[in-house]
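Q: Show me how the following folds:
(one chain, ligands or ions: 1)
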Amino acid sequence: MKKLGLLSMFLILTIFISACGTNEEKNAGEEKKPEKVYKVGVDTTYPPFEFKEGNEYKGIDIELINAIAKDQDFKIKLSPMDFGGIIPAMQANQLDVAIAGMSITEERKKVVDFSTPYFDAGLTIVVKKENTSTKTVKDLKGKTIAVKKGTTGAKYAQDNATKLGIKVVQFNDSPAMFQEVANGNADALIEDYPVISYAIAQKDLGLKIVGDRLNGDQYGIAVLKGQNEDLLKKINDGLANLKKDGTYDEIIKTYLGE
Ligand code: GLN
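A: Sure, this is the predicted structure:
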């Protein structure tokens with residue numbers, strides 16, 4: 001009887017100790033694993049979607065991705081770069097996410113997965129303020145058109161270069177492209193309507209918008225194709241929550257007014 005009691009006590013103690021051991025190991029394991037910080041590619045200069053004010057990045061895209069990360073409880077780090085470098089950086093595993101006024105296109109869908117659309121944009125032609133001869137895309141014949149590398153605007157110009165009889169010159173960022181037309185080095189440029197209308201409203205760039213929008217691009221948040229389903233779900237859920245609770249409208253209002 002006494003023997004049995006000792007044995008069972010020993011057994012209970014052994015089980016207890018080993019249970020403690022696994023718990024400790026588990027906790028230690030969890031602590032050691034660093035929390036994933038998702039690297040988010042953003043365009044360097046693309047107001048009102050992303051821009052630097054002092055040392056801080058601001059804009060619709062910046063506020064949206066921060067609010068989504070907060071809502072869905074994940075951590076992010078911004079990586080500003082030229083737009084043309086964003087998809088290649090994703091493919092090289094240097095970025096997990098991109099939010100850069102990036103239009104959802106069939107071509108891009110081959111390499112990235114997009115969130116639900118979060119903004120309606122579309123391309124437009126922009127010329128020097130004094131230009132009265134360019135009213136539609138047909139008037140660009142024989143002209144030099146400035147575009148930004150890797151954009152839907154660049155693709156539109158290149159795809160239609162022969163048909164429209166235009167010469168295409170490429171720039172790394174939007175301000176450089178605006179400058180080129182303001183200087184008279186190029187005759188026109190192609191840019192997203194909300195971006196150029198915001199830029200013109202902010203500052204007299206010596207430029208004006210002409211003609212109808214060339215297409216109906218919509219912006220989406222991109223993750224690398226087939227590798228980030230959980231993250232994409234979080235982004236879509238977060239976006240839906242922000243639209244529901246009014247945060248999305250508030251962000252848009254901050255930059256674009258009513
Ligand atoms: N919306 C355009 C595109 O996706 C331009 C984006 C940008 O210049 N940041 O190509």
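Q: Pull stretch 190-198 out as PDB, backbone CA atoms only.
A: Extracted as PDB, the C-alpha positions of stretch 190-198 are listed here (Å, rounded to 0.1, in the frame of the first residue of the first chain):
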ATOM      1  CA  ILE A 190      -0.200  60.900 -69.700                       C
ATOM      2  CA  GLU A 191      -1.000  60.600 -66.000                       C
ATOM      3  CA  ASP A 192      -3.700  59.300 -63.700                       C
ATOM      4  CA  TYR A 193      -6.500  61.900 -63.600                       C
ATOM      5  CA  PRO A 194      -6.800  62.200 -59.700                       C
ATOM      6  CA  VAL A 195      -3.000  62.700 -59.400                       C
ATOM      7  CA  ILE A 196      -2.600  65.400 -62.100                       C
ATOM      8  CA  SER A 197      -5.800  67.200 -61.100                       C
ATOM      9  CA  TYR A 198      -4.600  67.300 -57.400                       C
END
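Q: what does the protein put close to the ligand?
A: Residues of the chain lying close to the ligand by CB under 6 Å from any ligand atom are 43, 46, 83, 100-103, 121, 148, 151-152, 192, 217. C-beta: built from backbone N, CA, C; applies to glycine.
Q: Can you pull up the most central residue in this protein?
A: Ile99 (1.0 Å; CA atoms, centre = their mean).
Q: Let me see the confidence value for that one.
A: The per-residue pLDDT reported for Ile99 equals 98.
Q: Ok, the one 5 residues further on next?
A: With respect to pLDDT, Ile104 scores 98.
Q: you'd agree it is up against Asp217?
A: Yes - assessed by CB atoms under 8 Å, Ile104 is found in contact with Asp217 at 7.5 Å.
Q: Please identify which of these two sits among more neighbours.
A: Using other CB atoms under 10 Å as the criterion, Ile104 and Asp217 rank with Asp217 on top: 25 against 19.
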